[in-house]
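Participant: Have a look; sequence and predicted model below, questions after that.
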Number of protein chains: 2
Amino acid sequence: MSQLTNVACCQVSLEVGKLAANREACLSAAARAIENGAHIIVLPELAASGYVFGSQEEARALAEPVSGPTISGWTDLASRTGTTIVGGICELGEDGNLYNTAVVIGSQAGSQAGSQAASQAGSQVRAVYRKAHLWDTEKAVFTPGSQAPPLIDVGETRLAVMICYDLEFPEWVRHPALAGAHLLCVPTNWPRFARPDGERPMEVVRAQAAAAVNRMFIAASDRVGSERGVDWVGGSVIIDPDGWPLAGPAGEEATIVMAACDLGTAADKKISAHNDVLEDRRPALYRQVIEVHSPERHW
Amino acid sequence: MSQLTNVACCQVSLEVGKLAANREACLSAAARAIENGAHIIVLPELAASGYVFGSQEEARALAEPVSGPTISGWTDLASRTGTTIVGGICELGEDGNLYNTAVVIGSQAGSQAGSQAASQAGSQVRAVYRKAHLWDTEKAVFTPGSQAPPLIDVGETRLAVMICYDLEFPEWVRHPALAGAHLLCVPTNWPRFARPDGERPMEVVRAQAAAAVNRMFIAASDRVGSERGVDWVGGSVIIDPDGWPLAGPAGEEATIVMAACDLGTAADKKISAHNDVLEDRRPALYRQVIEVHSPERHW
């Protein structure tokens, strides 16, 4: 019997440096999504600090530990509602470095339809992930992560998380797929680039392909609002394992994108009588390719 | 100074078993593309034999060596016109096995705009590639290839070739990108699957993403014509390094898709002041992922 999970992306309007307003925008959008039935809520990347930092010092002033107020607020909401919340912060690490980080908050039992015990179970930070592929001037601010995307079991379903530009590295997306993730949650900040009339943002196209080649749901939550000359494209989207948008891509306004997902179907990787998108891989050949062509150039 | 290369995909109508008619359909479409200015012509997968074999015996009866009449015909046309021709055959290997094979035919100097010496240089089979990822009942007919996609230098540009389902394995597409290919030529037979109204075939979406994440041109040439109950989706397309279609995707009729491509631009992998789609990779992390998750299950 299939069980539907309502997945929501909260595409909120943010402004760099406005910690209190950004936290409030995220919490109120998440609460609204939950009122509308959401079980899993995905918030943007750097959802409290905003994105376009003027300097590392500015970013540091806006950073907070995982135990800080942004995550506390999300944990409180997740606890009260029995939901799972995924979102990004500017993390001040215990080592003093800054990380572009996403967290997954919830209870082990919670956040699937019908799991009444969720709110009693208590919510907590279940995973912390630090962005491994940094975009543009992020390289001057953040230390890149070096741990694989975490896997988080919620009831019968397995979630994974990565951040924005990470999704453009198919090798990285393979990891959660091979590890059995049903849904990849992707907090993002997608800048708007020129594109031909009638075309979706290429970020959405790449996300569709990532979902299809792995037969995995993907929920990407962008932000909107102009910030120091940078516009975001919106485009928040929930994609099914065939690669088709179930909801979205959104436009460039603040909105909530939500879809009822039969997440368990992502366990089936078969695409014909004799094909399975993961088992058809030729890892021995790929290893050879990596050895030949991939000196570690930048890290 | 940029130099434009006209790349054409010949989306021909084929029928399984009709060797002479299929060869003629390919040659006449290729000749028409050349009359229209094409320098590089991509033909479909299994362009002489057709696709839906009733048995391995039938496939064997339609197979030919690389020295056979299909390739001879393409070589003759390439020699007379100074062009590069890429297309697929049902190959009878020297080892007696059948392979789903693509060849690249041309001269080292030839097939770019302005290279007058091309036709004098003489054309030959410059590369033979055997499909590494077999689709559905192909597994009962063909031996999978185990060599990486070949790189072929034509004048200043580097071509690569893979076949149909190969393109759905991002690890495989990385190989020619890392090896400096500007244009990936992809003979295909894309069956038509149901898709939501208004959507492109997912095969095209995946090809767009493959081009974008590698900043490489991709020319995918499909066939049309119903064959033993299988319909093909058409969708032949020439995609630029940003992931946008320059020409196509075609519909479901026989046609030629052609675009003038500044192939040298694919050498530039930069996408921001501080990002390069290949140098931003984290191969040490990917190796770890492959080791943990990728037992060689099927081969």
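Facilitator: Cool, got the structure. None of these values were measured; they are calculated from a predicted model.

Participant: out of everything not next to it in sequence, what's closest to whatever residue of the stretch 51-200 of chain A ends up closest to chain B?
Facilitator: Nearest residue of the stretch 51-200 of chain A to chain B: A:Pro170, at 3.1 Å (Cβ to the nearest Cβ). Using the backbone N, CA and C atoms, a C-beta is placed for each residue, glycine as well. Leaving out its chain neighbours, the residue that sits closest to A:Pro170 by Cβ to Cβ, 6 or more residues apart in numbering or on different chains is B:Pro170, at 3.1 Å.

Participant: what residue ranges in chain A score low on pLDDT?
Facilitator: Flagging of chain A using pLDDT under 70 yields the residue ranges A:1-2, A:110-121, A:289-299.

Participant: Select the longest helix from it.
Facilitator: Determined from DSSP state H, the single longest helix within chain A is helix A:19-35.

Participant: quick one: the helices in the stretch 101-250 of chain A?
Facilitator: A:118-121, A:170-178, A:202-214 (DSSP state H, counting those that start in this stretch).

Participant: Out of these, which gets nearest to A:Val237?
Facilitator: helix A:202-214 (5.5 Å; Cβ to Cβ).

Participant: That closest one and chain B in contact?
Facilitator: Yes. If you take Cβ under 8 Å from any Cβ of the partner chain as the test, helix A:202-214 does meet chain B, through A:Met202, A:Val205, A:Arg206, A:Gln208, A:Ala209, A:Ala210, A:Ala212, A:Val213.

Participant: so the last one makes contact with A:Glu171?
Facilitator: No. With contacts counted by Cβ atoms under 8 Å, A:Val213 stays clear of A:Glu171, the gap being 11.6 Å.

Participant: residues contacting the residue of the stretch 51-200 of chain A closest to chain B?
Facilitator: The contact partners of A:Pro170, by Cβ atoms under 8 Å, 6 or more residues apart in numbering or on different chains, come to A:Ala210, A:Val213, B:Pro170, B:Glu171, B:Val173, B:Arg174, B:Val213.

Participant: Pull the contacting residues for the second one.
Facilitator: The reference is to A:Val213. A:Pro170, A:Val277, B:Glu168, B:Phe169, B:Pro170, B:Arg206.

Participant: residues near the fourth one, how many?
Facilitator: Counted with other Cβ atoms under 10 Å in any protein chain shown, the burial measure for B:Phe169 works out to 23 neighbours.

Participant: Do I have it right that it meets B:His133?
Facilitator: Yes. Counting by Cβ under 8 Å, B:Phe169 touches B:His133, with 5.7 Å between them.

Participant: Quick check: neighbours shared by those two?
Facilitator: With Cβ under 8 Å, 6+ apart, B:Phe169 and B:His133 have common neighbours A:Asp280, A:Arg282.

Participant: where's A:Gly73, which helix or strand?
Facilitator: helix A:69-81 (DSSP states H and E).

Participant: Quick one: list the elements packing against that helix.
Facilitator: Applying 3 or more Cβ pairs under 8 Å, 6 or more residues apart in numbering or on different chains; DSSP states H and E, one finds that helix A:69-81 contacts helix A:19-35, strand A:84-92, strand A:98-106, helix A:118-121, strand A:124-130.
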